[in-house]
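Colleague: After the sequence you'll find the predicted model.
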Amino acid sequence: MTIGQDLDRTLGAYLADGTALEDLIDREGRTLGARLMNDPGIHELEMRKVFTKNWVFVAHESELLSAGDFVARYIGLDPVIVARGDDSKIRVLLNSCSHRGGRVCRSDSGNTSDFRCPYHGWIYDNAGNLTAVAFEREAYGSLDKERYGLRTARVATYGGLVFATFDAELPSLEEYLGDFKFYLDMNLRFLDGYWEVAGPPQRWVVDANWKFGAEQFAGDGYHVPSTHRSAAEVMGNSAGDGGRGNWGVNFNEPRYGHGGRCLGVGLAYGLSPEQLAESGLSPAQQDLLATRMLPVVGTVFPNCSFLFNDVLGGPVATIRTWNPRGPEKMEVMSWVLVARDAPEEVKEERIQSTTWAFSASGYAEGDDAEVWAQVQRSIKGPMGREQRFTYLSTTPHSVKDWRDGQDFPGPGEVHLGFTTEDNQWNWWLRWFECMNRLG
Amino acid sequence: MIRDHDVPKSSGVSAADFVAATQFLTHEAELLDNNLLDEWLECLAHDLRYFMPVRTTMLRAQLTDSVSKTVGHFDDDYAAIALRVKRIQLPSAWSEDPPSRTRRFVTNVRASNRDAADEIAVASYLLLLRSRWDNPNYEIISAERRDVLRRTDRGLQLASREIIGDQVTLGTTNLSIFL
């Protein structure tokens, strides 16, 4: 650890050269130090303070349909197993043997009753309990195996999304999502079991800090006309000129940093009035759904983002995580979602249009990655590190006269337009809260 | 959704066909490495399927599952490829302007006849080195490509390509190039 842990307990976090983390944020002037995006000490600290202390997305329930199903994932840099035990309960287990740290799960997915460490042969069941130890009598006489299960995280699900945290104190997932649930519901929860993953996640690295992806998806509509100019031009849509397709309402959950954008280009779910009535959605949600004023993009703090829209050349539905792989590198894990009961050709169309627009090869996403990677290079030197990122664009914390003289009906903090940087700022305020917290 | 994974078993084609197939692949690499994307487009059949399945790490006993049958890094038809080609050549296509310098090495070619008399199945290895900006490190992609080439009055055309990459996590910031 390059950051003094003793200092950090009493005064907030400090960097190795004595800079206080707090000096990298100007809360009044709304600027951030570029070092936040490349400092090795910050990277090391956020692995613990952000990634072990928040609810982190690890899997979709449709990946774990049967008892014994598992997938191998990450919480930050920690490899974890997400497994449905023989008791049907989903657990998240650290993929590291209690004896010498060995990797006990050795494939990306499958179905198993137990995980065996190849190093000395300790065996765990799919609930993480240590069930057998090689040569136990010779080695230990008798080992209290209950003490040596795999390290287990708390698990909770919402709308098919499986989240985990290693923090015992963190509020429940429901409380953590807070007002953001109103928005998540409109794509994820109104039809129970509507979505399934199309297959394993697409994975690729981007030579940029993970926070670029997280904060952008939390609400950056401002980048669309420039970053995605060629994409808009080739598709002939209006996003490129900041027109209707990009105009909407940004919403955020001020307590926990989540943010997203409602635009009138949400997916057409094609629900009948009867289905809508049975959806469990509130009248306000139903009203927004009817006009496809849906959350089309957003981030659940810290690193889980989604994209559900119909403006990129076909229906796009993806959920992804931005996984840190060092201060200047991230791994994107991106799942394509399809409607479970749709005909095969409809599923295939969804997979193709999502992959075409948002993936490593995505005609839109490729330019995001290029831009982030070049920022990363531009802030590498001593002067670059002194750059201050600005978040000056702001709009009022409510949307008046949204329709027929009514205010925008969604909860949380809402901001009209697409240039507002309020959501991204809010994401960062939560990040600083986590980083400056004791322990 | 399940794609045809037939790899040509041996060089069951005539020497002339084998040479033509090899020349096609070499020509294609030359066009792509020299940013002649519109010319490359002319090598593609209009019913093209272009798919690069996602790979996963699997134990030997489940090895066939390591190539996804449903999700890919590319999953395109001809129209999608044509739009990519159009976009990449716009001045605001940041991911490829300035363009990458690429070098495609195509080897280990195998070919066999297909039931359709005008088609041959061709498998090849691809090693692609991609250099961007002044970064001295290459982005590298290695893959086996399983193609269907079709004889037309304009020469061979690519009717189907499946790109079986070797990486579970691609080492490229984006795939704004063709494989």
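Modeller: Great, that's in hand.
Colleague: give me the number of residues near residue 148?
Modeller: Defaulting to chain A. For residue A:148, the tally of surrounding residues (other Cβ atoms under 10 Å in any protein chain shown) stands at 15. C-beta here means a position set from N, CA and C on the backbone, and glycine is covered the same way.
Colleague: My question was about chain B, not that one.
Modeller: Count around residue B:148 with other Cβ under 10 Å applied: 21.
Colleague: likewise residue A:331?
Modeller: When neighbours are counted by other Cβ under 10 Å, residue A:331 registers 18.
Colleague: Over to residue A:192?
Modeller: As a measure of burial, residue A:192 has 9 neighbours, counting by other Cβ under 10 Å.
Colleague: SS state for it?
Modeller: Taken by DSSP: H, G, I helix; E, B strand; the rest coil, the conformation at residue A:192 corresponds to coil.
Colleague: Now for the residue at minimal distance from the centre of chain B: which residues touch it?
Modeller: In chain B, the residue lying closest to the centroid (Cα atoms, centre = their mean) is residue B:179, at 3.9 Å. Taking Cβ atoms under 8 Å, 6 or more residues apart in numbering or on different chains as the criterion, residue B:179 is in contact with B:52, B:74, B:126, B:128, B:141, B:143, B:145, B:163, B:165.
Colleague: try 10 Å this time
Modeller: With contact set as Cβ atoms under 10 Å, 6 or more residues apart in numbering or on different chains, residue B:179 has these partners: A:361, B:32, B:50, B:52, B:73-74, B:104, B:126, B:128, B:141, B:143, B:145, B:161, B:163, B:165.
Colleague: and those, which are buried?
Modeller: Among these, those buried by neighbour count (16 or more other Cβ atoms under 10 Å in any protein chain shown) are A:361, B:32, B:50, B:52, B:73-74, B:104, B:126, B:128, B:141, B:143, B:145, B:161, B:163, B:165.
Colleague: Nearest to residue A:64 among these?
Modeller: Within the buried ones among the contacts of residue B:179, distances to residue A:64 taken as Cβ to Cβ reach their minimum at residue B:73, with 24.0 Å.
Colleague: same for whichever strand or helix holds the closest one, what does it pack against?
Modeller: When secondary structure is defined using DSSP states H and E, the element that contains residue B:73 is strand B:67-77. The criterion is 3 or more Cβ pairs under 10 Å, 6 or more residues apart in numbering or on different chains; DSSP states H and E, and the helices and strands that strand B:67-77 contacts are strand A:202-206, strand A:330-339, helix A:344-357, strand B:44-55, helix B:78-88, strand B:155-165.
Colleague: quick one, the fourth one and helix B:78-88 angle?
Modeller: Orientation of strand B:44-55 against helix B:78-88 (axes from the mean of the first three to the mean of the last three Cα atoms, to 10 degrees) gives an angle of 90 degrees.
Colleague: List the buried residues for strand B:44-55?
Modeller: Across strand B:44-55, burial judged by 16+ other Cβ under 10 Å covers B:44, B:45, B:48, B:49, B:50, B:51, B:52, B:53, B:54, B:55.
Colleague: Let's have those residues in TSV, adding pLDDT and distance to chain A.
Modeller: Shown next, in TSV, are the buried residues of strand B:44-55 (pLDDT from 0 to 100; distance: Cβ to the nearest Cβ, whole Å):
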residue	pLDDT	distance to chain A
B:44	98	16
B:45	98	18
B:48	98	13
B:49	97	10
B:50	98	10
B:51	98	9
B:52	98	8
B:53	98	9
B:54	98	5
B:55	98	8
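Colleague: how about those residues, which pair is most distant?
Modeller: Those two in the buried residues of strand B:44-55 that are separated most widely, counting by Cβ to Cβ, are B:45 and B:55, at 26.1 Å.
Colleague: which among the buried ones among the contacts of residue B:179 gets closest to residue A:148?
Modeller: Ranking the buried ones among the contacts of residue B:179 by separation from residue A:148, with Cβ to Cβ as the measure, puts residue B:165 on top at 39.1 Å.
Colleague: OK, contacts around that closest one?
Modeller: Residue B:165 sits next to B:52-55, B:67, B:72-74, B:126, B:128, B:141-145, B:175, B:179 when contact means Cβ under 10 Å, 6+ apart.
Colleague: And the nearest residue to residue A:306 once chain neighbours are set aside, which helix or strand is it part of?
Modeller: Nearest non-adjacent residue to residue A:306, counting by Cβ to Cβ, 6 or more residues apart in numbering or on different chains: residue A:319, 4.7 Å away. Assessed by DSSP H and E, residue A:319 sits inside strand A:316-324.
Colleague: So for that strand, mean pLDDT?
Modeller: Looking at strand A:316-324 alone, the average pLDDT works out to 97.
Colleague: CA atoms only: put that strand into PDB for me.
Modeller: The C-alpha trace of strand A:316-324 is given here as PDB (Å, rounded to 0.1, in the frame of the first residue of the first chain):
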ATOM      1  CA  VAL A 316     -29.900  -2.700 -28.100                       C
ATOM      2  CA  ALA A 317     -29.900  -4.300 -24.700                       C
ATOM      3  CA  THR A 318     -26.700  -4.800 -22.800                       C
ATOM      4  CA  ILE A 319     -25.500  -4.800 -19.200                       C
ATOM      5  CA  ARG A 320     -21.800  -4.500 -18.500                       C
ATOM      6  CA  THR A 321     -19.200  -4.000 -15.900                       C
ATOM      7  CA  TRP A 322     -16.000  -1.800 -16.100                       C
ATOM      8  CA  ASN A 323     -13.400  -3.900 -14.300                       C
ATOM      9  CA  PRO A 324     -10.200  -2.300 -13.100                       C
END
